[in-house]
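# build me a model:
(one chain, ligands or ions: 2)
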Amino acid sequence: MNRLKIAIQKKGRLSEQSLRLLRECGIRISNGGKLKAEATNFPVDVLYLRDDDIPQYVADGVADVGILGENVVLEKGKKVRVAEKLGFARCRLSLAVKREEKYVGLSWLNGKKIASTYPNILRRFLEEQGIAAGIEEISGSVEIAPGIGLADAVCDIVSTGSTLMMNGLREVETILRSEAVLIANPSLEGERQKILGQLRFRIRAVQNAGQYKYILLNAPDDSLETICALLPGMKSPTILPLAEKGWNSVHSVVKEDTFWEVIDNLRQAGAQGILVCPIEKMFL
Ligand code: PRP
Ligand code: ZN
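Ligands and ions are numbered 1, 2, ... in the order given. Predicted coordinates:
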């Protein structure tokens, strides 16, 4: 079958952003709350699954690729390939204890019990650190474990920190940092491998676009050179003469993370009427 099956999270922290990414890649999905949906304008089918099950399904070939947190990929340890880091749903896997606990460092955990849905990563971490703590593996609502006397600490995903806060817990150690990734079955081939290539090309165009802004400004002749040097652009800036003599319109792109600094320098160099616009797609 010449369609790529993409598994995404049915409900949770990643679901909305995963769908948004596919939408930004120009993939139109009609979904009436079903478990499977077909894109109408690109050869992909979307499967809505529990994120915890996605590595297994992708390893088995039930799905060809999947979008989920790297944390789940590492925990499950299935044979899948990380094809692309996606940069959203950033979070960390952390240890937390009751707010009032006198936590003095990792050694505090010796002889204690830690509740987690990440037993494998946690076990490895404790071994590396030489800590002898028990692991209480549970499948959800980890944050209530200390409150009901099930464990002394928890090891869970922290994003905004509000779940910990609401449950009277305090983050004390970070075990790993994670973000959403696109995983693929390692033996994908033929037509489906090709579709994956097209999908990755589109994903990168969306990601690049998010990192850059389009910038237009007016520059007087005498500072044109200085201003162009501040705006290297994709190849070099575009320069167009203005109707008013001695002035030019300069167009270029500028990186989001150096943006304010560049604007300040441009103004000092004599740029006027600076306009900055978002870029929707960018092919480098
Ligand atoms: C994690 C974690 C908390 C929440 C923390 O769950 O178990 O419930 O996110 O987020 P916060 O710091 O913003 O409050 P996750 O989204 O990974 O989902 P799942 O374990 O239910 O699949
Ligand atoms: Zn989950």
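# how many neighbours does Gly190 have?
The number of residues packed near Gly190 is 8, by other CB atoms under 10 Å. Any C-beta I mention is one placed from the backbone N, CA and C, and that applies to glycine too.
# may I have the phi/psi pair for it?
According to degrees, to the nearest 10, the main-chain angles of Gly190 amount to phi 60, psi -140.
# what of the one 4 residues further on?
Dihedral angles of Lys194 (phi, psi; degrees, to the nearest 10) stand at phi -70, psi -40.
# ok, it to Arg200 distance?
Separation of Lys194 from Arg200 (CB to CB, to the nearest Å) stands at 11 Å.
# swap in Ala96?
Counting by CB to CB, the gap between Ala96 and Arg200 amounts to 36 Å.
# check Ile8 too.
Using CB to CB, one obtains 16 Å as the distance from Ile8 to Arg200.
# same question for Leu266.
Look at Leu266 and Arg200: by CB to CB, they are 34 Å apart.
# higher neighbour count, these two?
For Leu266 versus Arg200, neighbours defined as other CB under 10 Å are more numerous around Leu266 (22 against 16).
# so the more buried one is in which element?
helix 259-268 (DSSP states H and E).
# which residues sit against that helix?
Helix 259-268 has contacts (CB atoms under 8 Å, 6 or more residues apart in numbering) with 213, 217, 227, 230-231, 254, 274, 276.
# how far out from the middle of the chain is that helix?
Shown here is helix 259-268, whose average C-alpha point lies 29 Å from the average C-alpha point of the whole chain (CA atoms, centre = their mean, to the nearest Å).
# ok, which residues in the chain are in contact with ligand 2?
Near ligand 2, the residues belonging to the chain are 51-52 when assessed by CB under 5 Å from the ion.
# still on that earlier bit, among the contacts of helix 259-268, which ones are in helices?
Here DSSP state H is the test, and the contacts of helix 259-268 give 227, 230 as lying in helices.
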